[in-house]
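A.B. asks: Here's my sequence, what's the structure:
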Amino acid sequence: MKQYVVDAFADKLFEGNPAAICVIEKWPKDDLMQAITIENNLSETAFAVKEDGKYHLRWFTPGGEIDLCGHATLATAFVLMNYYEKNMSKVVFTTLSGDLTVLKKDHLYELKFPAYELKKVSVTDAIQKALGYSPLEAYMGRDLMCVFDNEDQIINMKPDLEQVKQLDGLLLQVTAPGSTVDCISRSFAPKLGVSEDPVCGSGHCHIIPYWSKRLQKNTLTAYQASKRGGTLYCRFEDNKVFMAGEAVLYSVAELNI
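C.D. replies: Predicted coordinates for the structure are as follows:
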């Protein structure tokens, strides 16, 4: 089985979010895909099979399969368009979150994802204790999203990940306005065996709808302020989140499966 590792939402190696990609002819057993993911020890490993003219795409974290992943979708599109179907500039993926489209626009790969519906929730003592800071607001979609007013709080945050595990939501997204971009954020996923996700596309399906409404603009530049860092060029239209970024190939390997 051939496997590619791609740095997504990055214009050079060792930035953005690395994802492992396997394009295969038929599905392995779920426990094998999970074992490969755990062995890779990346936040996501994606598996793609072409079925009826579309690519069926599944994402696995070390903690299990998930329903939506942005950076591994971008990375899979990058692999398909550069190493499998070089004349392809658009790919439609069948996923647990419905059909997802990726368009290649020059050096950028643009994803079209559904937005999560956000419900405002109370800022609890448990949230403040887990994060070490008190957010201005908190919202629940698939993930818990906490909003701050100062980007330094995001950059310097050292959450207690054991306490984060006790909070509601699959992941924890923290975000604030940026000084040089529209918004910055970080993503934590200890429930999935990932301490911090370097650049989280699905997290921006929470973050971008919020900032689009608050800033009253549809086009935003977002920065994920992890140690690796990553930039996302985003639009919010018709309750869809469009996220574009670059990608760089790190490695190609043959898995002895």
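
A.B. asks: Please count neighbours and contacts with C-alpha atoms only from this point.
C.D. replies: OK.

A.B. asks: you'd agree Asp99 is up against Phe93?
C.D. replies: Yes. Between Asp99 and Phe93 there is a contact at 5.4 Å, judged by Cα atoms under 8 Å.

A.B. asks: Just want to know which of the two has more residues nearby.
C.D. replies: For Asp99 versus Phe93, the count of surrounding residues by other Cα atoms under 10 Å is larger for Phe93: 24 against 16.

A.B. asks: Can you tell me the strand partners of the one helix or strand the more buried one maps to and which way each runs?
C.D. replies: For Phe93, the host element (DSSP states H and E) is strand 90-95. Strand 90-95 has its sheet partners listed here by DSSP bridges as strand 54-61 (parallel), strand 98-105 (antiparallel).

A.B. asks: Residues in contact with the following helix or strand past the last one: which ones?
C.D. replies: Past strand 98-105, heading to the C-terminal end, the next element that is a helix or strand (DSSP H and E) is strand 108-114. Contacts of strand 108-114 with the rest of the structure, by Cα atoms under 8 Å, 6 or more residues apart in numbering, involve 70, 73-74, 77-78, 100-104, 205, 239-247.

A.B. asks: Check stretch 190-200 too.
C.D. replies: The contact list for stretch 190-200 (Cα under 8 Å, 6+ apart) reads 9, 16-17, 43, 61-64, 69-71, 161-162, 164-165, 170-171, 186-189, 224-230.

A.B. asks: For that stretch, measure first residue to last.
C.D. replies: End-to-end distance for stretch 190-200, by Cα to Cα, to the nearest Å: 14 Å.

A.B. asks: Can you give me the buried ones in it?
C.D. replies: Within stretch 190-200, the residues that count as buried by 16 or more other Cα atoms under 10 Å are 190-194, 196-200.

A.B. asks: what do you get for stretch 89-100?
C.D. replies: Within stretch 89-100, the residues that count as buried by 16+ other Cα under 10 Å are 89, 91-95, 99-100.

A.B. asks: The helix or strand hosting Glu162 packs against which elements?
C.D. replies: Glu162 belongs to helix 161-164 when assigned by DSSP H and E. Judged by 3 or more Cα pairs under 8 Å, 6 or more residues apart in numbering; DSSP states H and E, helix 161-164 is in contact with helix 125-131.
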